[in-house]
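> Give me coordinates for this.
(one chain, ligands or ions: 1)
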Amino acid sequence: MNARTTRVRPFAERDLAELIKIYRAAFAEPPWDEFKKCSGCGAPYSREEAGEPLQSCAYCDRELSLTDFWSAREIAGEIDHARSQRGGIVIVADVNGALAGFTYGYGIKLESFPFLGGVMNGNAAYMDDIAVGPDKREMGVGTELGARFLELMGEQGFGQVVVRTDERNGASMALFEAALGFSKTGVYDPKFPSRLYLKKDLR
Ligand SMILES: CC(C)(COP(=O)(O)OP(=O)(O)OC[C@H]1O[C@@H](n2cnc3c(N)ncnc32)[C@H](O)[C@@H]1OP(=O)(O)O)[C@@H](O)C(=O)NCCC(=O)NCCS
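From the prediction side, this is the model:
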């Protein structure tokens, strides 16, 4: 059996190309299905839908021209945005020296999440995204990334971490609830009925 070494560390610019590959692969999967989008209206197309011989967009009816759902620029923008926020952190995991996953997040204000009023405390951070490359799953990488994220947010003085995920996604539900100790808030995303918020109090 090969020995495996996982190392969690801060993101560096040189990681961007590999992070983009993992991001695209992870969020192209169900239930996210963010594989391609219509260049006209931005409607999402899953891998399955994008493989169908459609002439026109099923949403806007224009001639179909599909582009990557997440451009490299948008993903880089997500990372820059996280780093620019109060308490922003971006961390990555290497497995045997190769980038295997990432997570990022930042401090949030209740004004931006008014629907979380009853459950969010005034000193919360948000884990915006977490993903592990498809070939590095179920080896504990997501748990190591998430645990380090919680630790770093605690060290910065945040008292709570909030995440949003899709309840149909068994992997992320297991990661957040069983492995990292988050609990369901009972609050769903007003725009996406199967996406719910979970929280973990840090002290
Ligand atoms: C969610 C994700 C980050 C988990 O990463 P991972 O490295 O495979 O997670 P781990 O190996 O640390 O596993 C964590 C827990 O989840 C469980 N788990 C992982 N994948 C699972 C699956 N497909 N089905 C059921 N449980 C699963 C593990 O058994 C483990 O539970 P345990 O601690 O009780 O043994 C990964 O599946 C992923 O990148 N998914 C696509 C992106 C995504 O959905 N991100 C979450 C967005 S909010």
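> So which residues make contact with stretch 160-175?
Contact with stretch 160-175 is made by 30-32, 105, 108, 113, 116, 120-121, 123-127, 130, 137, 142-143, 146, 149-150, 153, 176, 182, 185, 189, 192, 194-202, as judged by C-beta atoms under 8 Å, 6 or more residues apart in numbering. C-beta here means a position set from N, CA and C on the backbone, and glycine is covered the same way.
> Buried residues in that stretch, which are they?
Neighbour counts over stretch 160-175 (16 or more other C-beta atoms under 10 Å) mark 160-166, 169, 172-173, 175 as buried.
> which of the contacts of stretch 160-175 come close to the ligand?
When C-beta under 6 Å from any ligand atom is applied, the members of the contacts of stretch 160-175 adjacent to the ligand are 130, 137, 142-143.
> and stretch 6-18, anywhere near the ligand?
No. In terms of C-beta under 6 Å from any ligand atom, no part of stretch 6-18 sits within range of the ligand; the closest distance is 9.5 Å.
> So which bits of that stretch are buried?
Going by neighbour count (16+ other C-beta under 10 Å), the buried part of stretch 6-18 is 6, 8, 11, 15, 18.
> Okay, and which of the residues you listed map to helices?
Assigned to helices by DSSP state H, the following of the buried residues of stretch 6-18 qualify: Glu18.
> Closest one of the buried residues of stretch 6-18 to the ligand?
Nearest to the ligand, judged by C-beta to the nearest ligand atom, of these is Thr6 at 9.5 Å.
> So that closest one is in contact with Ala93, correct?
Yes. Between Thr6 and Ala93 there is a contact under C-beta atoms under 8 Å: 5.8 Å.
> list the residues that contact both of the two?
With contacts defined as C-beta under 8 Å, 6+ apart, the residues shared by Thr6 and Ala93 are 100, 141, 144.
> Mark which of the residues you listed are buried, thanks.
By 16+ other C-beta under 10 Å, the shared contacts of Thr6 and Ala93 give 100, 141, 144 as buried.
> Export those as a markdown table, with columns for pLDDT.
Shown next, in a markdown table, are the buried ones among the shared contacts of Thr6 and Ala93 (pLDDT from 0 to 100):
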| residue | pLDDT |
| --- | --- |
| Ala100 | 98 |
| Val141 | 98 |
| Glu144 | 98 |
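> Filter these to keep only those in contact with the ligand.
Taking C-beta under 6 Å from any ligand atom as the test, the ligand is in contact with Val141 out of those.
> Which of the buried ones among the shared contacts of Thr6 and Ala93 fall in helices?
Residues of the buried ones among the shared contacts of Thr6 and Ala93 located in helices (DSSP H): 141, 144.
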